[in-house]
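Visitor: Sequence plus predicted model, see below.
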Amino acid sequence: MSRVGTIARRTFLIGSATIAGGVAFGAYMVNRPIPNPLLDDLAEGEAAITPYVKIDANGITLITPRAEMGQGAVALQANLIAEELDIDPASATLTPGMPGLAYYNAATLEEGAAPGYDDSTSTQITRYMFGKVAKLIGLQITGGSSTTPDSFTKLRTAGAVARETLKEAAAQRTGVDRSQLATKDGHVILPNGEEIAYTALAAESALIAPVEDVTLRDPSTWRLLGKPNMKRLDMVAKSTGTEIYGIDCKVDGMVFASVCANPAIGGDIISFDATTAKTMPGVQEIVPVTGGVGVIASNTWYAIQAANAVECVWGPGSYPENSEKMWNVLETAIDNEDYFNDRQRDEGDVAVALETDDIIEAEYRVPYLAHAPMEPMNAIVLVTDTKCEIWSGVQAPIWTRDKAVALTGLAPENVHVYVQQMGGSFGHRAEIKHVEQAVEIAMAVKGTPVKLTWSREEDMTHEFPRPPAIARARGKVSNGQVDTFDLSVSQAAVIPSWLERNSGIAMPGPDPSIAHGSWDQPFTIPNYRVTAYRAPDMVPVSTWRSVGASGNGFMHDTFMDELIHAAGADPLVERVRLCFDGTSRKVMEEVGKISGWDGPSLGENRGRGIAFCMSFGVPVAQVVEVTNTPNGIKIDKAFIVADVGTVLDPKNAEAQLFGGMIYGLGHAINSELTYENYAAQQDNYHANEGLRLFQTPEFEVKILENGHHIRGLGEPGVPPAAPALGNAIFAATGQRIREMPFHKHINFV
Amino acid sequence: MEISVNGEKREIDVALDMPLLWVLRDELGIMGPKYGCGIAQCGACTVHIDGMAVRSCQLAVSDLAGGEVTTIEGLGTPDALHAVQEAWIEEQVAQCGYCQSGQIMQAASLLDADPAPSDEKIDAVMSGNLCRCGTYPRIRAAVKSAATKLQET
């Protein structure tokens, strides 16, 4: 149980600790209270207790600022508040609220600060500082598997403050001391059994100071969190076609639009000819946008057809023109001190250890990847002389607002972003380009709302993709054990590219994500070194589900498997022996137990592989079983074990893990973006499809709770999937695959 | 031109080659069928025409030829769920949910034609519907549980 400090009505929970060694100005800036945004436009009789709970005579509204992309964030946030507030979360109205500084996300940067297993004092201070930076830069963002750790205490506290404040209002009305009151199901219960509905106390609670001194309930008393019957709140809507995604929104009087933009990402448009497009059915206006042309029509299909018919002369790209030249850039940078980024792991003496002639070497490659969520990018924008309104599914609403402010010249308070449900994201909707285009089009037809929808082809060829990477590995074994492990990774920086494009903030220093998922693994090897080389920027890149670990998990664990094989050791036993983190060891041992692990062989033409990766603080071990059929590899079964500290929504957590693994398997087998003449060559799902149902194995999932921190599961299921599959294929066939997508090297059925 | 959707006659005035999907969404405001790919690769737009699962992004509206269109909204509603929808909710299938209208329409059509499909048949028929979140294990479970429900009624 945690005792929570000051939470004033007009302030927000930011903790009372001071920053060790922080400068006074910074400390003041980061600790300055942020006003509760709900207080700005309260109606008569409405109460806003904390930025997350709003009550009036008609009902209770919970503000769930982390956006729903499919990962179950909204239900989790609602249940966290409801657990302490004593309401049925299904009875409340849920809204993402308006973008506000109060909703900054500390956890997403905190987790970037240090490896998940590291709980030293200096690491805790670093995490704290990173969390404060998130507040300074207005980082209201959904991502980094951070909703759970960021919300866990914050939202339960909000629920508890609201509950105690409502009790205080009841106490003042009835004269019964607050300590004598209880709560249940949206009511305050008096000692005589009489019940007062929260809604009936709204007006009075608005007039009193919130009760700041609250104690959070012990997990043993939870009635919602962690219970097997805890359900998501969106299942009925999503099973009846009644969930409204951004692409389904309607605004009175809206017109429909699409765009064609330079396939060289970020390139200019030199000229265009819309003569044919203008004469096509339903077309109303042709509107130039930055780097492209927009078409307004009476139906999205008309707009897409006409956008495809605009003849454009494009400017060149600002990056190498094809994939071959891009790989050359990565090859130039690797092991080249001119491109040194960081070396966060350097134990023993790798240089000396490798001065022998029995070195094992390997090179790995992972390609550009599209996020390709099912719902293409879209936004509705209305611009008038005095305001701009935006309806869109975006992960970073404050940055979205700021882009519209820059384009329209309107004041920030006159630009409103209404965050919508997202038909998937995987990082795609942490980008804002489509909203900027919609604002530009809407500025040309002021007073008319414009719904911009990208065609699938526009969407896939205008990805800000996951960057490709090359790793070179050198290692040595001795006495049946892994002795030396030296990995170099060459990749363009992803976080600075994404951050500067979307927020305008230039990120100084090295990009820690280049070696995420490799340098930060919980292993002790006598000589162990991981070096990141930062290749020059090429295609502008973005965060893709599990970010750096998506490629590094594959390259690091596959080389581990190669060394263990060379040592003649068991893949599970040797990984466990090398691991210094007890939580991670238990994860590996458990996946061995549930998969009946007794070595990589499963008989003739069959084999299994194990892989491990810790990302976002979550250790995950996966085992894949395959059969080498006459027509190709068949994935028979998959086992997943992870540790999240505390499981809040067991059913959804399981879905995030197998969903993440399916995402990882699909891309490992089937997917890449390649470039020719600056343009992505894969423009729809036929060329870039991920996994389909017939390739999906059976799953067994187990989640452990040994870790000391609560963690999120949106991403950590992805990284071990590719190496587990590759290691299994090696066990079944003797063929080692070191490049994604695997289908370039072996057939699958 | 007149078409019949979910038992209702609707008058439309569009180009003859407009795909049914865009008639439903942008002309009639029926948003259950989703746009995912436009080339019959993802199945998010799946509707029934006279009971058969069809990719509405590939059917020119003028080729409907009097066929009755049923969308997910016509299959069942939150207050009156179809057995397949009940199974989907019980199994907690959806993640982002964007593909699920199409998945459910495909599954309902499958079970209508084959009340007790084999595992192989389920895999074959449902593989035309893409899910990027990876809900497939629960789709399999929900199709089987819906089959049981339908046989009991």
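Guide: Right, received. Where do you want to start?

Visitor: could you say which helix or strand contains the nearest residue to B:Pro117 once chain neighbours are set aside?
Guide: Spatially, and ignoring its direct neighbours in sequence, B:Pro117 is nearest to B:Leu110 (6.0 Å; Cβ to Cβ, 6 or more residues apart in numbering or on different chains). Where you see a C-beta, it was placed from the backbone N, CA and C, and this is true even at glycine. Element membership of B:Leu110, judged by DSSP states H and E, is helix B:100-113.

Visitor: for the record, mean pLDDT for the helix or strand following that helix?
Guide: Sequence order places helix B:119-126 as the next helix or strand after helix B:100-113, per DSSP H and E. For helix B:119-126, the mean per-residue pLDDT is 97.

Visitor: tally of neighbours for A:Ala731?
Guide: Close neighbours of A:Ala731, defined as other Cβ atoms under 10 Å in any protein chain shown, add up to 24.

Visitor: The closest residue to A:Asn414 other than its chain neighbours and chain B, how far apart?
Guide: Once flanking residues are discounted, A:Asn414 sits nearest to A:Lys387: 4.5 Å by Cβ to Cβ, 6+ apart. To chain B, A:Lys387 is 26 Å away according to Cβ to the nearest Cβ, to the nearest Å.

Visitor: residues contacting A:Lys387?
Guide: Counting by Cβ atoms under 8 Å, 6 or more residues apart in numbering or on different chains, A:Lys387 makes contact with A:410, A:414-416.

Visitor: The host helix or strand of A:Val641 packs against which elements?
Guide: Assigned by DSSP H and E, A:Val641 belongs to strand A:632-643. Contact analysis of strand A:632-643 by 3 or more Cβ pairs under 8 Å, 6 or more residues apart in numbering or on different chains; DSSP states H and E lists helix A:582-595, strand A:618-629, helix A:650-670, strand A:698-704, helix A:721-733 as its packing neighbours.

Visitor: Go again with 6 Å.
Guide: Strand A:632-643 makes packing contacts with helix A:582-595, strand A:618-629, helix A:650-670, strand A:698-704 when contacts are defined by 3 or more Cβ pairs under 6 Å, 6 or more residues apart in numbering or on different chains; DSSP states H and E.

Visitor: quick one: the most centrally placed residue in chain B from B:Gly74, how far?
Guide: The C-alpha lying nearest the average C-alpha coordinate of chain B belongs to B:Met105 (Cα atoms, centre = their mean; 2.6 Å). Distance, B:Met105 to B:Gly74, using Cβ to Cβ, to the nearest Å: 10 Å.

Visitor: isn't A:Leu164 right next to A:Val214, touching?
Guide: For residue A:164 the amino acid is Glu, not Leu. Yes: under the criterion of Cβ atoms under 6 Å, A:Glu164 makes contact with A:Val214 at 5.4 Å.

Visitor: pLDDT wise, what is residue 28 at?
Guide: Looking at chain A here, since you left the chain open. For A:Tyr28, the pLDDT comes out at 29.

Visitor: wrong chain, I was asking about chain B
Guide: 98.

Visitor: so who does it touch?
Guide: Neighbour list for B:Leu28: B:Arg10 [criterion: Cβ atoms under 6 Å, 6 or more residues apart in numbering or on different chains].

Visitor: Can you check which helix is longest in the chain?
Guide: Because you didn't say which chain, this covers chain A. helix A:147-174 (DSSP state H).

Visitor: wrong one, chain B
Guide: The helix spanning the most residues in chain B, taking DSSP H as the definition, is helix B:136-152.

Visitor: near chain B, which residues of chain A?
Guide: Residues of chain A lying close to chain B (Cβ under 6 Å from any Cβ of the partner chain) are A:70, A:235-236, A:238-241, A:243, A:248, A:281, A:299-301, A:373-375, A:423-424, A:456, A:651, A:658-659, A:662-663, A:684-686, A:690, A:692-694, A:696, A:699.

Visitor: In strands, which of these appear?
Guide: Here DSSP state E is the test, and the residues of chain A next to chain B give A:Phe699 as lying in strands.

Visitor: Select only the buried ones of the residues of chain A next to chain B in PyMOL?
Guide: The PyMOL selection below is limited to those of the residues of chain A next to chain B classed as buried (16 or more other Cβ atoms under 10 Å in any protein chain shown):
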select buried, chain A and resi 70+235+236+238+239+240+241+243+248+281+299+300+301+373+374+375+423+424+456+651+658+659+662+663+684+685+690+692+693+694+696+699
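
Visitor: Which ones among the residues of chain A next to chain B lie within helices?
Guide: Residues of the residues of chain A next to chain B located in helices (DSSP H): A:235-236, A:238-239, A:300-301, A:456, A:651, A:658-659, A:662-663.

Visitor: from these, which single one is nearest A:Arg156?
Guide: Proximity of those to A:Arg156 (Cβ to Cβ) peaks at A:Lys651, which lies at 20.2 Å.

Visitor: now the helices and strands packed on strand A:632-643 in TSV, with mean pLDDT?
Guide: Putting the helices and strands packed on strand A:632-643 into TSV (pLDDT from 0 to 100) gives the following:
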stretch	mean pLDDT
helix A:582-595	98
strand A:618-629	98
helix A:650-670	97
strand A:698-704	98
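
Visitor: Which of these has the highest mean neighbour count?
Guide: Among those, ranked by average contacts under mean count of other Cβ atoms under 10 Å in any protein chain shown, first place goes to strand A:618-629 (a mean of 27).

Visitor: what inclination does that one have with respect to helix A:721-733?
Guide: Following axes from the mean of the first three to the mean of the last three Cα atoms, to 10 degrees, one obtains 40 degrees for the angle between strand A:618-629 and helix A:721-733.

Visitor: Need the contact partners of strand A:618-629.
Guide: Contacts of strand A:618-629 with the rest of the structure, by Cβ under 6 Å, 6+ apart, involve A:583-584, A:587-588, A:591, A:595, A:605-606, A:608-612, A:633-644, A:711, A:716, A:720, A:724-725, A:728, A:732-733, A:749.

Visitor: one step back: between helix A:582-595 and the strand holding A:Val641, find me the angle.
Guide: With the same axes, to 10 degrees applied, the angle from strand A:632-643 to helix A:582-595 works out at 140 degrees.

Visitor: mind exporting strand A:632-643 as PDB, just the C-alpha atoms?
Guide: The C-alpha trace of strand A:632-643 is given here as PDB (Å, rounded to 0.1, in the frame of the first residue of the first chain):
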ATOM      1  CA  GLY A 632       8.100 -26.000 -46.600                       C
ATOM      2  CA  ILE A 633       8.200 -25.100 -42.900                       C
ATOM      3  CA  LYS A 634       5.000 -25.500 -40.900                       C
ATOM      4  CA  ILE A 635       4.800 -23.800 -37.500                       C
ATOM      5  CA  ASP A 636       3.100 -26.300 -35.200                       C
ATOM      6  CA  LYS A 637       3.000 -24.700 -31.800                       C
ATOM      7  CA  ALA A 638       4.300 -21.800 -29.800                       C
ATOM      8  CA  PHE A 639       4.800 -21.200 -26.100                       C
ATOM      9  CA  ILE A 640       5.200 -17.800 -24.400                       C
ATOM     10  CA  VAL A 641       6.200 -17.000 -20.800                       C
ATOM     11  CA  ALA A 642       6.600 -13.400 -19.600                       C
ATOM     12  CA  ASP A 643       6.800 -11.600 -16.300                       C
END
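
Visitor: I'm done for today, thanks for sticking with me.
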